[in-house]
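J.: I need the structure of the sequence given here:
(chains A and B)
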Number of protein chains: 2
Amino acid sequence: MSALKVAIAGLGTVGAGTLKILHENAAEIALRCGRNITVTAVASRDRKKDRGVPLDGVKWFEDANAMAAEADADVIVELIGGSEGIARKTVETAIANGRHVVTANKALLAHHGVALATAAEKAGLSLNFEAAVAGGIPIIKALREGLAANKIRRVTGILNGTCNYILTTMRASGRSFADVLKEAQDLGYAEADPSFDIDGTDAAHKLAILASVAFGTPVDIKAVHVEGIRNVSSLDLQYAEEFGYVIKLLGVAERLDQDGGMLTQSVYPCLITPDMPLANVEGVFNAVVAEGDFVGRSVYEGRGAGAGPTASAVVADLMDIATGRKVPTFGIPAASLKAIPNVPVAAHVGEYYVRLLVVDRPGVFADIAVAFRDEAVSMESVLQRGRNAANVNVVIITHKTQEAALLRALKRLQANAALVEPPHMMRIEK
Amino acid sequence: MSALKVAIAGLGTVGAGTLKILHENAAEIALRCGRNITVTAVASRDRKKDRGVPLDGVKWFEDANAMAAEADADVIVELIGGSEGIARKTVETAIANGRHVVTANKALLAHHGVALATAAEKAGLSLNFEAAVAGGIPIIKALREGLAANKIRRVTGILNGTCNYILTTMRASGRSFADVLKEAQDLGYAEADPSFDIDGTDAAHKLAILASVAFGTPVDIKAVHVEGIRNVSSLDLQYAEEFGYVIKLLGVAERLDQDGGMLTQSVYPCLITPDMPLANVEGVFNAVVAEGDFVGRSVYEGRGAGAGPTASAVVADLMDIATGRKVPTFGIPAASLKAIPNVPVAAHVGEYYVRLLVVDRPGVFADIAVAFRDEAVSMESVLQRGRNAANVNVVIITHKTQEAALLRALKRLQANAALVEPPHMMRIEK
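T.: Next up is the predicted model:
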């Protein structure tokens, strides 16, 4: 069988990694696919940089979009990134020109996934994106194929390695968020502008994609409630540990009512007990827990980023195309994706961690207790310990309560002059 | 598209579970596959038993082999079990009659996998077996497809839920092997004749299959070194914990020399540190760690047995067939599977745990020390603690040593009259 011809748009670390795998493991890949996978074209602005792989006979394009239209290729691999501009244009052009697409671009899929899937499926083309979510874990394949016999009830995950590295290091070292973020930037685990990672946007993109594949619903990034880790302090990590928890930034997507159909999609830092599978996932690793009606709980862990793991996912997607293995983009045909009403996070019911920094004077604790009582939020544990002469942290673990009630109690307290800073609140996931 | 027609041989718990999924999740399955999956025939001796699913219009066969030849079916699902007899015959007949096969039968694949794969591939048929290895984990799909861009260096796994349940419970409760085995039998986690599980045979079948898929080598059950958990005592679990380890029955398959090619395949109880991913896998759960040259380490955990998880894997295999997704049985064409020389376990190099029950009298410890010294086996830690008046356990953790040298030292000691019972020896996996 003739070789599968591939054109790669974007030769950063993942693009270079993809070239490297296709070169170094060419024999194994050909044996597994029954044909070769050949790179016929690349698009990159920097032509001189050494990618460590021979590129003789490969056609160079300055413009990825032109390559998507003109290259002698069966597949366009889009590794440019970003939900708009040249990345989006390149993928649209590829599909319009009858070429399969493999992409690592979570932002593009989170914002335009349904439209792109619809176009690809109409043209009988594959739009594969294993590399977009936790590259070192074949979780898209697991959800679209391996667990496809199940109704999925819940998907939770540690979806951003930068945040997990920062939280892991803060906990282990007791150092501040700012200090550890700086170190992560020096080590290349965080970007110069880290907001995309630490504010939860990247994890939200991935969660919206996972939710779509798990529940057969259109990707809907706007439905995801997002909180990042900027306000998690080393104090919170210490207090959490004293109460028997660790803090992780989790993505959580859950069907609340399998028949009627209600969905929650959230990304937030939360407290989990050390015996939960995600609690032991440390550093830059990612992990996903999927719960299905027949398979029960299954857990997947691996590297979430980096040239090798991401390129491994890109090449796996190419191999599926080379062998003719097809799946609808989001597991079912795009036209069949069915919107599920989203439950607002205020309707969330659970236990909560609350930390209040207050002036250390008589009566303040009574004010807190009264505010909680008046909103019918019941306290499970309370810890008050002086840190310095003037102020003191009051830490509360609530019993099960509705989030709206807790927020009302905290709003009452914000009017109290004894509060030194806004309340810190995190959910406890069971 | 017309329905995929399926005939199921064997209606035990997994067969009934398969019927249940195909019935309860029929709408989701049809949406994902673009066609229905319909059961047209079943073979079972007990026709009267209620499987909880309507079987109107389904043709009943007494003889699975006759069904494989005569049924109006595209796929035969073999859930009878056993490496020979009717199970083997049924699969052979199915292939000879141009029908795809889905099987949960690890013994059959471990013993006749290459011959069956060769026949299936010659006829252009799928032979799928996700359910044969850790049903609740789509690990065969991960290795054959998701990680297919990688050269795999090492696969390790907790592959037998019965053994993991017994070891977990022994550790938590301090109870004896015999006592916990009895409980596992009462709970239905262990068979009346438990030898297949506790002697490591079941795990060895699974490991041989994983090694074949991971390394592109013919399944070779005879090459697997197997030790079970009969001789693991609650004392060993306690001592291991004192030294900072847990004991797990692991399957380990490793390429020792990626280029030259040497392979080890073993199943044995061993000591691992609590920070290793498999250390926290408890009870009846299974888990597999795969290490690839680009993807790095990835970990998969889920239920290893039971109607739901195993049937989930069977139906996923059927869905691959329904959608025309094909993979060679062991990841590469059977004719291309390449034998890799196996390293005997005596050549194993590592650290060891040794427990010697000896008569508590002067000079015995010196005898032990001399035997180890004379074979150049260096001790890292030693613990001696009296249990009763007459005998005492001496526990040794060795430095890195060759297994053959340690065995020679232990052989010397076996001649020593002070040894009350044969030495207990386990490997430490890093």
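
J.: going forward, measure contacts between C-alpha atoms and count neighbours the same way
T.: Will do.

J.: check the spacing between A:P277 and B:R171 real quick.
T.: With the distance defined as Cα to Cα, to the nearest Å, A:P277 ends up 20 Å from B:R171.

J.: again, but for A:E254
T.: According to Cα to Cα, A:E254 and B:R171 sit 35 Å apart.

J.: which element is A:V39 on?
T.: Assigning secondary structure by DSSP states H and E places A:V39 in strand A:37-43.

J.: quick one: buried residues of the next helix or strand after that strand?
T.: Past strand A:37-43, further along toward the C-terminus, the next helix or strand under DSSP H and E is strand A:59-61. Neighbour-count burial for strand A:59-61, with 16 or more other Cα atoms under 10 Å in any protein chain shown as criterion, is recorded at A:60-61.

J.: again, but for stretch A:350-365
T.: The neighbour-count criterion (16+ other Cα under 10 Å) identifies A:351-360, A:364-365 as the buried residues of stretch A:350-365.

J.: what's that stretch in contact with?
T.: Contacts of stretch A:350-365 from elsewhere in the structure, counted by Cα atoms under 8 Å, 6 or more residues apart in numbering or on different chains, are A:236, A:271, A:386, A:389-403, A:418-429.

J.: same deal with stretch A:229-246?
T.: Counting by Cα under 8 Å, 6+ apart, residues outside stretch A:229-246 touching it are A:163, A:170-171, A:174-177, A:198-200, A:247, A:249, A:268-269, A:271-274, A:279, A:355, A:395, A:424.

J.: again, only using 6 Å
T.: Contacts of stretch A:229-246 with the rest of the structure, by Cα atoms under 6 Å, 6 or more residues apart in numbering or on different chains, involve A:171, A:174, A:176, A:198, A:271-273.

J.: out of those, who's nearest chain B?
T.: Using Cα to the nearest Cα, A:T273 comes nearest to chain B of these, at 13.7 Å.

J.: tell me which of the buried residues of stretch A:350-365 fall in helices.
T.: A:364-365 (DSSP state H).

J.: send the alpha carbons of stretch A:279-296 over as CSV?
T.: Written as CSV, here are the backbone C-alpha positions of stretch A:279-296 (Å, rounded to 0.1, in the frame of the first residue of the first chain):
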residue,chain,number,x,y,z
ALA,A,279,-4.6,12.5,45.1
ASN,A,280,-1.3,10.7,44.3
VAL,A,281,-0.8,12.2,40.9
GLU,A,282,2.2,14.5,41.4
GLY,A,283,4.2,17.1,39.5
VAL,A,284,3.7,17.5,35.8
PHE,A,285,1.6,14.3,35.4
ASN,A,286,-2.0,14.4,34.3
ALA,A,287,-4.7,11.9,35.1
VAL,A,288,-8.3,11.2,34.2
VAL,A,289,-10.9,9.1,36.1
ALA,A,290,-13.8,7.9,34.0
GLU,A,291,-16.8,6.2,35.6
GLY,A,292,-19.1,4.2,33.4
ASP,A,293,-22.3,2.2,34.2
PHE,A,294,-20.8,-1.2,33.4
VAL,A,295,-17.0,-0.7,33.5
GLY,A,296,-17.1,1.1,36.9
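
J.: do that stretch and chain B come into contact?
T.: Yes. Against chain B, stretch A:279-296 shows contacts by Cα under 6 Å from any Cα of the partner chain at A:294-295.

J.: which residues touch that stretch?
T.: For stretch A:279-296, contacts defined as Cα under 6 Å, 6+ apart pick out A:150-159, A:161, A:164-165, A:168, A:297-304, B:136, B:308-309, B:312.

J.: narrow the residues you listed to those in helices?
T.: For the contacts of stretch A:279-296, membership in helices holds for A:161, A:164-165, A:168, B:308-309, B:312, with DSSP H as the criterion.

J.: out of those, flag the one nearest to B:V382.
T.: Set against B:V382, the nearest of the ones in helices among the contacts of stretch A:279-296 by Cα to Cα is A:T168 (34.5 Å).

J.: ok, the closest one - contacts?
T.: So A:T168 contacts A:G283 (Cα under 6 Å, 6+ apart).

J.: how much space separates it from chain B?
T.: To chain B, A:T168 is 14 Å away according to Cα to the nearest Cα, to the nearest Å.

J.: how far away is that residue from B:F61?
T.: Separation of A:T168 from B:F61 (Cα to Cα): 58 Å.

J.: A:G363 now?
T.: Summarising the geometry, the distance separating A:G363 from B:F61, computed by Cα to Cα, is 80 Å.

J.: re the thing from before, which of the contacts of stretch A:350-365 are buried?
T.: By neighbour count, with 16+ other Cα under 10 Å, those hold A:236, A:271, A:391-398, A:401-403, A:418-419, A:423-429 as buried.

J.: in strands only, show me these.
T.: Filtering those for membership in strands, criterion DSSP state E, returns A:271, A:391-398, A:401-402, A:424-428.

J.: need the helices for chain A, in chain order.
T.: Counting by DSSP H, the segments of chain A that form helices are A:13-24, A:26-33, A:64-70, A:85-96, A:106-122, A:139-141, A:161-173, A:177-187, A:195-198, A:201-215, A:234-242, A:307-322, A:364-374, A:403-414.

J.: about what we covered before: next, the angle from the strand holding A:V39 to helix A:307-322.
T.: Angular relation of strand A:37-43 and helix A:307-322 on a 0 to 180 degree scale: 120 degrees, by axes from the mean of the first three to the mean of the last three Cα atoms, to 10 degrees.

J.: please state the offset of strand A:37-43 from the chain centre?
T.: Between the mean C-alpha point of strand A:37-43 and the mean C-alpha point of its chain there is a distance of 29 Å (Cα atoms, centre = their mean, to the nearest Å).

J.: for it, C-alpha coordinates in PDB please.
T.: As requested, C-alpha coordinates have been extracted for strand A:37-43 and formatted as PDB (Å, rounded to 0.1, in the frame of the first residue of the first chain):
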ATOM      1  CA  ILE A  37       3.800   7.400   7.000                       C
ATOM      2  CA  THR A  38       5.800  10.000   5.100                       C
ATOM      3  CA  VAL A  39       6.200  13.700   5.800                       C
ATOM      4  CA  THR A  40       5.900  15.500   2.400                       C
ATOM      5  CA  ALA A  41       5.600  19.100   3.600                       C
ATOM      6  CA  VAL A  42       6.100  21.300   6.600                       C
ATOM      7  CA  ALA A  43       5.100  24.900   7.300                       C
END
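
J.: residues in contact with that strand?
T.: For strand A:37-43, contacts defined as Cα under 6 Å, 6+ apart pick out A:3-10, A:58-62, A:64.

J.: how about the residues of the stretch 201-350 of chain A near chain B?
T.: That would be A:294-295, A:298-302, A:308-309, A:312, A:315-316, A:325, A:332, which are the residues of the stretch 201-350 of chain A within reach of chain B (Cα under 6 Å from any Cα).

J.: paired strands for the worst-scoring helix or strand of chain A on mean pLDDT, with orientation please.
T.: Each helix and strand of chain A was given a mean pLDDT (mean pLDDT, DSSP states H and E); the minimum falls on strand A:379-386 at a mean of 88. Partner strands for strand A:379-386, per DSSP bridges, with pairing direction: strand A:391-398 (antiparallel).

J.: quick one: mean pLDDT over the partner strand.
T.: For strand A:391-398, mean pLDDT rounds to 94.

J.: do stretch A:312-330 as well
T.: 97.

J.: pull out the buried residues from that stretch.
T.: A:312-323, A:325-330.

J.: tell me the contacts of A:L263?
T.: By Cα under 6 Å, 6+ apart, the residues touching A:L263 are A:254-256, A:342-343.

J.: what do you get if the cut-off is 8 Å, keeping everything else the same?
T.: Applying Cα under 8 Å, 6+ apart, one finds that A:L263 lies in contact with A:253-257, A:340-343.

J.: what of A:T93?
T.: Contacts for A:T93 (Cα under 8 Å, 6+ apart) come out as A:65, A:68-69.

J.: please repeat the previous calculation with a cut-off of 10 Å.
T.: Contacts for A:T93 (Cα atoms under 10 Å, 6 or more residues apart in numbering or on different chains) come out as A:64-70, A:76, A:87, A:99.
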